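S.K.: sequence and predicted structure, then a few things I'm wondering about:
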Protein chains: 2
Amino acid sequence: MTNPSISRETLAAADAADPLAGFRDEFDLPENILYFDGNSLGPLPRGTAARMEQAITQEWGRDLIGSWNSHDWINLPSRVGDKIARCIGAAPGEVVAADSTSVNLFKLLMAALRLRPGRKTILTETGNFPTDLYVAQGVCDLLGDGHELRRVPGDEITASIDDDVALVLVTHVNYQTGAMHSLVDITQAAHDAGALMLWDLSHSAGAVPVVLNLVDADFAVGCGYKFLNGGPGAPAFLFVASRLQDDIAPPLSGWMGHEAPFEFADDYRPAPGITRNLCGTPSVLGLTALEAGLDLFLTADMMEIRRKSLALADQFMTLVATRCAGQGIVIATPRADTRRGSQVSLRHENAYPIMQALIARGVIGDFRAPDTLRFGMAPLYVRHVDIWDAVEHLRDIIETGDWDRPEFHARSAVT
Amino acid sequence: MTNPSISRETLAAADAADPLAGFRDEFDLPENILYFDGNSLGPLPRGTAARMEQAITQEWGRDLIGSWNSHDWINLPSRVGDKIARCIGAAPGEVVAADSTSVNLFKLLMAALRLRPGRKTILTETGNFPTDLYVAQGVCDLLGDGHELRRVPGDEITASIDDDVALVLVTHVNYQTGAMHSLVDITQAAHDAGALMLWDLSHSAGAVPVVLNLVDADFAVGCGYKFLNGGPGAPAFLFVASRLQDDIAPPLSGWMGHEAPFEFADDYRPAPGITRNLCGTPSVLGLTALEAGLDLFLTADMMEIRRKSLALADQFMTLVATRCAGQGIVIATPRADTRRGSQVSLRHENAYPIMQALIARGVIGDFRAPDTLRFGMAPLYVRHVDIWDAVEHLRDIIETGDWDRPEFHARSAVT
């Protein structure tokens, strides 16, 4: 629902009444910036720096190799996985934190295809996040034998699942537009056609309620460094429904997925349950930072997060539509609550320099080629008044032509 | 060479004359422990804690997403890789730091087999580190098509390379015994037979001089958390000789190996050079800690490290042979300098409780099933007198039967 009578005062009142308002102080955010990029890199939780110092100076520095036992490093992937499970509607023992999203995609794509040997197609969405496409292409190349990745527009996925589809690979919330698919509809359609379902939750975990077990999902992967605030390059996660776990033949059969790694046996025997999906030695420092982020996140109520996220995005879209009317901005994110995640994407022909101008004013969103400005709505630290201020800067930058300075056109290595 | 006149005084004199002695103060080692487990987890360099705090509170906390550019996070895998290259006789642009050793093994095993399509055998050593065996088994299972992993004793490797061998996979220094293979002999034999060569340098990088380019090696992987002191679960590395880089078809074709990741193109195009072997988003925190360890390591002279490592191990073996004679200890590490790495392994029927008794006295080595005690000789912080003290504890523990207490028989999750 849109609210045409929105003002900075009504937004300040919303902040005053916000049950999540206290969480902002739990993050070590710089003064004078408005951070709308938690969909790309979540900010530093205040507790994380102290937790990391403890892990580095005490666990590593003092207790050294003994910390694998005394600080239970060995179970970090499972322990952190169980905490992520609570964010995505999975049960304990169904998630591990390890490796990158890309590596985990490879593991589960390969495992899934082995479970549907007669079928040759991975079905995905046109415009899915590139690494999903690239890894799936790599898997098809590797297997040869007629395997192919088929891309269809998002609204044609369910109708496109034919009896050659082994696996449907969909990102729940699209990185470019913020559009959200129906977990239940696509999972059901995949199963009705005899296919398996792999959800990429990179833009959903911690952003929107996810109910993997309620929709009977098979597989999922996702990212630790966005809405879960796990730190730059945090370990990713993977989910395998418990009913499928013992059928998985791990393609990356490293020692940490072995039934008894410290037996140092010559032959690989996969561990029972989810841990067979581990591969190499876990990133203790990365997992520690991720756990600190989760420990904060799990004190918040996911339903409150979703309510506020929808409100923030709705206010943002309303203000853009009214206060930036006629400035060439197209709102790329669906307006319906059930069809959007926790970001707003705007398209504009000068998106790149406009975003640089915003960043120069301390309004931190990001740009995605060719013409998208993204604004992540992370309710734990974004305030309602931030929405007003961000849109006012956006309006001013476009109206005054402030974006058209040479320094705002210069391209960086990472956009 | 052995020295029968060795005493604590001669060892103290060796410490006084040791050109590496000053490095011990660069590590934050606890008082009252003798650390012989740098072959499993290197200790904390003093500079690392401050470097990590800076990365966490400043780069992540203050500069947030902009750090991908302003702190050059995006080039961490290559920058750290170039520093590792200096430790292993490789050139800039031939190494990247990423993922785990196990994942990197998978990448290069798969890439190598694709370069020798007519050959079906991976040849390795019986008793190679389990993850090498497991990952190679997994690769053979995945490819099917008659691929197999063949294991032969270490001294039969060169003679066993026939024209079905696509790839020889050998760990340079054996984790169990500390025995070291000849880089030049095995690489040459592999090439003579038309096979490719993949060295696992997990127990060599930072431990012994490695000259990959001098021996014309093709591929290598290795570990960041042992002698390079990169921290628990540090990112691993991989090496591809520059002459082969553009022939690699990366099986884990994630977005960070793309020619232009921030173009967000739909189709995978591998990056030129070594970076095509990257997969997912790099572990910024893990790479930062690893870089801090390398920055310290690279201030030492590798030839001095080798000289001292050989001396420490020689003193240790001599003292064990003389002062622990008749106690059932077998020295499993070769005595010849050219045949050993930087650890000493002892075998004893009561190895497990003996090691627990040593650890209880602050002598930190480790146990490897079924009957090995391992002592890593890391010349940057192990002193010559530590050798004397460790052997005296070992002698006393066995002579007095102090090892045979119930608490020393209790098994931990990680041995």
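M.R.: Ah, there it is. These figures come from a predicted structure and were not determined experimentally.
S.K.: quick one: the helices in chain A?
M.R.: Counting by DSSP state H, chain A has helices at residues A:8-16, A:46-53, A:67-70, A:76-87, A:101-115, A:130-143, A:183-192, A:284-297, A:302-323, A:351-360, A:384-400, A:406-409.
S.K.: reformat those helices as TSV; add distance to chain B and mean pLDDT.
M.R.: Yep, even glycine has a C-beta here, placed from its N, CA and C like the rest. What follows is those, written out as TSV (distance: least, CB to the nearest CB, whole Å; pLDDT from 0 to 100):
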stretch	distance to chain B	mean pLDDT
helix A:8-16	22	98
helix A:46-53	5	98
helix A:67-70	4	96
helix A:76-87	8	98
helix A:101-115	3	98
helix A:130-143	3	97
helix A:183-192	20	98
helix A:284-297	4	98
helix A:302-323	19	98
helix A:351-360	7	98
helix A:384-400	15	98
helix A:406-409	13	96
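S.K.: could I get those helices as JSON lines with mean neighbour count?
M.R.: Output for those, formatted as JSON lines (neighbours: other CB atoms under 10 Å in any protein chain shown):
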{"stretch": "helix A:8-16", "mean neighbour count": "14"}
{"stretch": "helix A:46-53", "mean neighbour count": "18"}
{"stretch": "helix A:67-70", "mean neighbour count": "18"}
{"stretch": "helix A:76-87", "mean neighbour count": "23"}
{"stretch": "helix A:101-115", "mean neighbour count": "26"}
{"stretch": "helix A:130-143", "mean neighbour count": "24"}
{"stretch": "helix A:183-192", "mean neighbour count": "18"}
{"stretch": "helix A:284-297", "mean neighbour count": "25"}
{"stretch": "helix A:302-323", "mean neighbour count": "20"}
{"stretch": "helix A:351-360", "mean neighbour count": "22"}
{"stretch": "helix A:384-400", "mean neighbour count": "20"}
{"stretch": "helix A:406-409", "mean neighbour count": "12"}
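S.K.: what's the burial count for residue A:327?
M.R.: By other CB atoms under 10 Å in any protein chain shown, 14 other residues sit near residue A:327.
S.K.: how about residue A:145?
M.R.: Residue A:145, neighbours per other CB under 10 Å, totals 10.
S.K.: for chain B, see how far away it is.
M.R.: According to CB to the nearest CB, to the nearest Å, residue A:145 and chain B sit 10 Å apart.
S.K.: in this structure that residue contacts residue A:120, no?
M.R.: Yes: counting by CB atoms under 8 Å, residue A:120 is a contact partner of residue A:145 at 7.4 Å.
S.K.: about what we covered before: let me know which of the helices of chain A is the nearest to residue A:331.
M.R.: helix A:302-323 (5.4 Å; CB to CB).
S.K.: could you give the angle of that closest one to helix A:8-16?
M.R.: If you take axes from the mean of the first three to the mean of the last three CA atoms, to 10 degrees, helix A:302-323 sits at 170 degrees to helix A:8-16.
S.K.: the spatially closest residue to residue A:362 that is not a sequence neighbour: what's it in contact with?
M.R.: Distance criterion CB to CB, 6 or more residues apart in numbering or on different chains; nearest residue to residue A:362, sequence neighbours excluded, is residue A:33 at 4.2 Å. For residue A:33, the contact set (CB atoms under 8 Å, 6 or more residues apart in numbering or on different chains) comprises A:362, A:363, A:364, B:64.
S.K.: measure residue A:33 to residue B:390 for me?
M.R.: As defined by CB to CB, to the nearest Å, residue A:33 lies at a distance of 54 Å from residue B:390.
S.K.: with residue A:207 instead?
M.R.: Residue A:207 is 53 Å from residue B:390, by CB to CB.
S.K.: spatially, which two of the contacts of residue A:33 are the most separated?
M.R.: A:363 and B:64 (12.4 Å).
S.K.: in the stretch 251-400 of chain A, which residue sits closest to chain B?
M.R.: Residue nearest to chain B within the stretch 251-400 of chain A (CB to the nearest CB): residue A:280, separated by 2.5 Å.
S.K.: residue contacts, the closest residue to that residue other than its chain neighbours?
M.R.: With sequence-adjacent residues excluded and distances taken as CB to CB, 6+ apart, residue A:280 is closest to residue B:100, at 2.5 Å. Remark: with contacts taken as CB under 8 Å, 6+ apart, residue B:100 is in contact with A:99, A:254, A:279, A:280, A:281, B:233, B:235, B:236.
S.K.: with residue A:390 instead?
M.R.: Residue A:390 neighbours (CB under 8 Å, 6+ apart): A:34, A:36, A:316, A:358, A:363, A:365, A:375.
S.K.: can you rerun that using 10 Å?
M.R.: Counting by CB atoms under 10 Å, 6 or more residues apart in numbering or on different chains, residue A:390 touches A:34, A:36, A:316, A:319-320, A:358, A:361-365, A:375, A:382.
S.K.: just the closest of those to residue A:400, please.
M.R.: Nearest member of these to residue A:400, counting by CB to CB, is residue A:361, at 11.9 Å.
S.K.: residue A:293 versus the closest residue to that closest one other than its chain neighbours, what's the distance?
M.R.: Spatial nearest neighbour of residue A:361, excluding adjacent residues (CB to CB, 6+ apart): residue A:393 at 5.2 Å. In this structure, residue A:393 and residue A:293 are 28 Å apart, going by CB to CB.
S.K.: can you tell me the closest non-neighbouring residue to residue A:114?
M.R.: Leaving aside its sequence neighbours, residue A:114 is closest to residue A:249 (5.5 Å, by CB to CB, 6+ apart).
S.K.: for that neighbour, which residues are in contact?
M.R.: Neighbours of residue A:249 in contact, by CB under 10 Å, 6+ apart: A:110, A:111, A:114, A:115, A:270, A:276, B:138, B:141, B:142.
S.K.: which residues are in contact with the closest residue to residue A:411 other than its chain neighbours?
M.R.: Nearest non-adjacent residue to residue A:411, counting by CB to CB, 6+ apart: residue A:352, 7.6 Å away. By CB under 10 Å, 6+ apart, residue A:352 lies in contact with A:367-373, A:403, A:408-411, A:415.
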